[in-house]
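A.B. asks: compute the structure for the input listed below.
(chains A and B)
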Amino acid sequence: MRAPDPRPRSHPAYLAFLVHRLSGLLLALFLPLHFWALSHAIRGEAALEGFLRWTDHPLLKAAETALVVLLAAHLAGGLRVLALEFLGWRAQQKTLVAASAGVALGAGLLFLLNAG
Amino acid sequence: MIEVQVWRGDASGGGLARYAVPARANQTVLDVVTHIQREIEPDLAYRFACRVGMCGSCAMVVNGRARWTCRTHVSKVAQDGKLELRPLSNLPVIRDLATDMAPFFDRWARARGQFQPKDSADGAVPDEFAVVPPASAKRQAADAGIECIGCGVCHASCDIVAWNPDYLGPAALNRAWTLVNDVRDGARRERLDAVAGDAGCHACHSTQSCTERCPKGIDPSGAIAGLKRTLFWRVFGLDR
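C.D. replies: Numbering: from 1, shown residues only, chains lettered A, B, ... in the order given. Model prediction:
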């Protein structure tokens, strides 16, 4: 069994598929952490506030930005797939991929601007 | 000279053999393979027929990508004067560059790729010619995929075919979509049933390698999306 050859897969639509799939997996892995963070609220206001102060750390803000980009990429990628399957657009696939990437990066940038 | 590496072997395994082939003007990859077979290695197995992009028999993996070799110029694909030729992926190798295309065409049959005249269910030639306006939307949708030559490039480029051995694959599904749009065809329901299963159109992840690599410029990925759409609306009793 040979290792996967990147050469037949080097085109924008394949990259968009990979980003959509991997962002979905990473978001699913993050979900338990998200619920764990929310669980602080059950233990009281102080516990949640303490946790939220801890997340003000620049490193965590950077991770949070990455998370926002992942979420936006998954959303935009999902809308792209819906458009491609329901609208039957044939000629504009690469434009759709580029637009999805733009939406994802734009969302990350907006978050960073607000985080500062 | 072109430095050519050719995969040689059979179903039990093999490896790359190295050949030096004289470079010529307007040389195609198929010319290179033919040179090796005629001048250097007479027992090299490969397949071709028309040499002009009509028969779909000469497809191989050239420098990592599936291509029709008769219409691929060496000057367009050689990297530093080097070529690497392998048999098509996702199909059993018979020997060297010749793959067994039977599993590929079996999928066409499973997807009900045969035309079923509406006016004569027994398959006989209908009495009257069907009048189909070429500019009608249905005919245009059918025409979009009708020029497939069955070369197997999309099949070899598709990851889902590699992951799911039962998957019908882009070529068979493109054929099914062509017939779904053919107003003369009478097996629409059965065909949609045939492509609706777990190994049918819903298995496609829209990686679009088929569309990207099709040498005829056909869009099997769009055809598969069309099948998914038609099946979706059918759930609500709508014929779209």
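
A.B. asks: which parts of stretch A:95-107 are buried?
C.D. replies: Neighbour-count burial for stretch A:95-107, counted by 16 or more other C-beta atoms under 10 Å in any protein chain shown, picks out A:96-97, A:100-101, A:103-104, A:107. (C-beta placed from N, C-alpha, C; glycine too.)

A.B. asks: can you redo the residues you listed as a markdown table with distance to B:Lys216, secondary structure and pLDDT?
C.D. replies: Output for those, formatted as a markdown table (distance: C-beta to C-beta, whole Å; DSSP: H, G, I helix; E, B strand; the rest coil; pLDDT from 0 to 100):
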| residue | distance to B:Lys216 | secondary structure | pLDDT |
| --- | --- | --- | --- |
| A:Leu96 | 23 | helix | 82 |
| A:Val97 | 23 | helix | 84 |
| A:Ser100 | 28 | helix | 86 |
| A:Ala101 | 29 | helix | 87 |
| A:Val103 | 33 | helix | 87 |
| A:Ala104 | 33 | helix | 86 |
| A:Ala107 | 39 | helix | 86 |
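
A.B. asks: of those, just say which sits nearest to A:His34.
C.D. replies: Taking C-beta to C-beta as the measure, A:His34 sits nearest to A:Ala107 out of the buried residues of stretch A:95-107, at 17.4 Å.

A.B. asks: quick one: the closest one and A:Ala101, what's the gap?
C.D. replies: The spacing between A:Ala107 and A:Ala101, counted by C-beta to C-beta, to the nearest Å, is 11 Å.

A.B. asks: please apply the same query to A:Ala41.
C.D. replies: 35 Å.

A.B. asks: residue contacts, the most centrally placed residue in chain B?
C.D. replies: Here the mean C-alpha position of chain B is nearest to the C-alpha of B:Gly152 (C-alpha atoms, centre = their mean), at a distance of 2.9 Å. Residues counted as contacts of B:Gly152 (C-beta atoms under 8 Å, 6 or more residues apart in numbering or on different chains) are B:56, B:59, B:66, B:88, B:91, B:99, B:101, B:104, B:171.

A.B. asks: among those residues, which are in reach of chain A?
C.D. replies: Counting by C-beta under 8 Å from any C-beta of the partner chain, the subset of the contacts of B:Gly152 that neighbours chain A consists of B:Ala66.

A.B. asks: of the contacts of B:Gly152, which belong to strands?
C.D. replies: Secondary structure defined by DSSP state E assigns B:59, B:66, B:99 of these to strands.

A.B. asks: buried residues in stretch B:177-189?
C.D. replies: Residues B:177-182, B:184-185, B:187-188 are the ones in stretch B:177-189 that count as buried (16+ other C-beta under 10 Å).

A.B. asks: dump the residues you listed into CSV; add secondary structure, distance to chain A and pLDDT as well.
C.D. replies: Converted to CSV, these look like this (DSSP: H, G, I helix; E, B strand; the rest coil; distance: C-beta to the nearest C-beta, whole Å; pLDDT from 0 to 100):
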residue, secondary structure, distance to chain A, pLDDT
B:Trp177, helix, 11, 97
B:Thr178, helix, 14, 97
B:Leu179, helix, 17, 97
B:Val180, helix, 13, 96
B:Asn181, coil, 12, 95
B:Asp182, coil, 17, 94
B:Arg184, coil, 22, 90
B:Asp185, strand, 20, 91
B:Ala187, coil, 22, 92
B:Arg188, helix, 18, 93
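
A.B. asks: biggest separation within the residues you listed, which pair?
C.D. replies: The largest separation in those, counting by C-beta to C-beta, is between B:Trp177 and B:Arg184 at 15.2 Å.
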